[in-house]
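*Asks:* Predicted coordinates and the sequence they were generated for:
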Amino acid sequence: MAIEQLHFQYKAERVITKRGYVGVVASGDLEILVEPSPNGIAQVDIRTQTEGFRQIWQAIFDRFFQDYNIAAQIQINDFGATPGVVNLRLAQVVEVID
């Protein structure tokens, strides 16, 4: 099984000071690791075993950064999570870093 790696960047204004971690890499789930960005740019790196969903991932993060606008480095290790699970984990990590 091949691993697809996706990378997205967004301009961000809201500075965060905490690191955060939520989730677990298991069937139908994912883990998200977040740390402050040193340069005011949000960077998202995704490793997923499910290929061909770049547009869906981008739509999720386009909406996420419209709502939260955090300057963070986000690393996601995905094991087939649905968009609903991704949004749940993103909401959880925002709670952890606030």
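*Replies:* That came through fine. Residues are numbered from 1 along each chain as shown.
*Asks:* centre of the chain versus the strand or helix carrying L88, how much separation?
*Replies:* In this structure, L88 sits in helix 83-97 according to DSSP states H and E. Distance of helix 83-97 from its chain centroid, counting by CA atoms, centre = their mean, to the nearest Å, is 8 Å.
*Asks:* now do the same end-to-end measure for stretch 57-77.
*Replies:* Taking CA to CA, to the nearest Å, stretch 57-77 runs 13 Å from one end to the other.
*Asks:* Name the residues of that stretch that are buried.
*Replies:* Judged by neighbour count (16 or more other CB atoms under 10 Å), stretch 57-77 contains these buried residues: 57, 60-61, 64-65, 68, 70-77. Bear in mind the C-beta positions are built from the backbone N, C-alpha and C, glycine included.
*Asks:* Show me the two of the residues you listed that sit farthest apart.
*Replies:* A71 and N77 (21.4 Å; CB to CB).
*Asks:* from the buried residues of stretch 57-77, which ones fall inside strands?
*Replies:* The strands, defined by DSSP state E, take in 70-77 from the buried residues of stretch 57-77.
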